[in-house]
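S.K.: using only what follows, build the 3D model:
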Amino acid sequence: MSVVRADRAVLFEAHGSRFHSYVAPSRGSRQLCAWRLEVPAGLRGVPHRPTREEVLLVLTGELTATVDGSPATLGPGDVLVVPAGSEFAVDAGPVGCTAWVTTSPGLEAVLPDGTRLAPPWAA
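M.R.: Purely as a prediction, here's the structure:
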């Protein structure tokens, strides 16, 4: 059994958000990546295209997720499935938000200019 204590999550910061990585190949997982995402109040996310499907569960606060031009507002307990290759961005509500994100190893984010980013929290 593998238990990852909260104080053992690896913290990364990017684009104004914080990523607390719990599960990734670099920490022994073969098939999953998972992290807690913290987006500060009012932050507008960077549009990108994930190369792997992602599942996002809102834990606290509110966010607006836009997938392929269609926005949806999510609150605690709501889940969003982001298809691989879709254009995706997360904007925080007035109090910010925290979400749990799960995907598979090999995730990359393709930015609007074509730059490919291999997020270290999923490596």
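
S.K.: just want the most central residue of the protein.
M.R.: Among the residues of the chain, the one closest to the centroid is residue 101, at 4.9 Å (CA atoms, centre = their mean).

S.K.: for it, which residues are in contact?
M.R.: The neighbours of residue 101, taking CB atoms under 8 Å, 6 or more residues apart in numbering as the test, are 34, 35, 36, 37, 54, 55, 56, 57. Quick note: C-beta positions are derived from backbone N, CA and C, even for glycine.

S.K.: who's residue 58 bridged to?
M.R.: With DSSP bridges as the criterion, residue 58 is bridged to residue 99.

S.K.: what bridges to residue 116?
M.R.: Counting by DSSP bridges, residue 116 is bridged to residue 110.

S.K.: from now on call the first residue 6
M.R.: Right, with 6 as the first residue, what we last looked at is residue 121.

S.K.: thought residue 44 was touching residue 69?
M.R.: No - look at residue 44 against residue 69 with CB atoms under 8 Å: they stay out of range, at 10.4 Å.

S.K.: overlap in contacts of the two?
M.R.: With CB under 8 Å, 6+ apart as the test, residue 44 and residue 69 both reach 95, 96.

S.K.: looking at these two, which is more packed in?
M.R.: residue 44 (22 against 16; other CB atoms under 10 Å).

S.K.: distance-wise, check the more buried one relative to residue 68.
M.R.: 6 Å (CB to CB, to the nearest Å).

S.K.: overlap in contacts of these two?
M.R.: With CB under 8 Å, 6+ apart, residue 44 and residue 68 have common neighbours 95, 96, 97, 102, 104.

S.K.: check the residues you listed and tell me the two furthest apart.
M.R.: Checked with CB to CB, the shared contacts of residue 44 and residue 68 reach their widest spread between 96 and 104, with 12.3 Å between them.

S.K.: hmm, residue 20 is touching residue 49, no?
M.R.: No - counting by CB under 8 Å, residue 20 does not reach residue 49; the two are 9.6 Å apart.

S.K.: circling back to that earlier point, any idea how far the residue nearest to the centre of the chain is from residue 115?
M.R.: Taking CB to CB, one finds residue 106 at 17 Å from residue 115.

S.K.: using PDB, write down the CA coordinates of stretch 109-118.
M.R.: Extracted C-alpha coordinates of stretch 109-118, given in PDB (Å, rounded to 0.1, in the frame of the first residue of the first chain):
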ATOM      1  CA  SER A 109      -2.200   9.500 -17.100                       C
ATOM      2  CA  PRO A 110       1.600   9.600 -17.500                       C
ATOM      3  CA  GLY A 111       2.900  11.300 -20.600                       C
ATOM      4  CA  LEU A 112       0.700  14.400 -20.300                       C
ATOM      5  CA  GLU A 113       1.900  17.400 -22.200                       C
ATOM      6  CA  ALA A 114       0.200  20.800 -22.600                       C
ATOM      7  CA  VAL A 115       0.300  22.400 -26.000                       C
ATOM      8  CA  LEU A 116       0.200  26.200 -25.700                       C
ATOM      9  CA  PRO A 117      -1.500  28.400 -28.300                       C
ATOM     10  CA  ASP A 118       1.900  29.200 -29.900                       C
END
